[in-house]
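Chemist: just the structure for this:
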Amino acid sequence: MVKGYANRFKVDLLCAIKELRLCGADISAEYEARVRQSIAAQARMKAKRKQAAAENTDGDHEFAFIAGYTSGGVPYGITWDEMQEDGASGIEESTFRFSPGI
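Modeler: Numbers count the residues shown, from 1 in each chain. You can find the predicted model right below:
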């Protein structure tokens, strides 16, 4: 009932609980506590994802050029060692700094 109300009137679950109680619906405190725990867990996961993304913005130290990613998410391309073997020894790693997603 709470999810349906929240979807119908475009409000979050806590707001839906409050409004339904105002209308006389019997919603247990236990259900409200579970909803609050779920919201807190989602916020923690979002913060972890944001922190992990921020830690990965300084480029890649293993690859000079990332050609793509496998279906498992593993990068492939030219490593710094391979680039130096091919005669590009005058090029430094800092020359190729980039941000992911560009």
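Chemist: low-confidence stretches in the protein?
Modeler: For the chain, applying pLDDT under 70 flags the ranges 53-60, 87-102.
Chemist: check which residues of the helix ranked longest in the chain are buried.
Modeler: Longest helix of the chain, by residue count under DSSP state H: helix 29-55. Residues of helix 29-55 classed as buried by neighbour count (16 or more other CB atoms under 10 Å): Glu32, Val35. Yep, even glycine has a C-beta here, placed from its N, CA and C like the rest.
Chemist: list the contacts of the residue nearest in space to the middle of the chain.
Modeler: In the chain, the centroid-proximal residue (CA atoms, centre = their mean) is Arg49; its distance is 3.8 Å. Contact partners of Arg49, counting by CB atoms under 8 Å, 6 or more residues apart in numbering, are absent.
Chemist: for the longest strand seen in the chain, packing partners?
Modeler: As assigned by DSSP state E, the longest strand anywhere in the chain is strand 63-69. If you count contacts as 3 or more CB pairs under 8 Å, 6 or more residues apart in numbering; DSSP states H and E, strand 63-69 packs onto strand 75-79, helix 80-85.
Chemist: can you list the strands that it pairs with?
Modeler: strand 75-79 (antiparallel) (DSSP bridges).
Chemist: can you get me a residue count around Ala16?
Modeler: 23 (other CB atoms under 10 Å).
Chemist: and if you look at the one 3 residues further on?
Modeler: A count of neighbours around Glu19, defined by other CB under 10 Å, yields 15.
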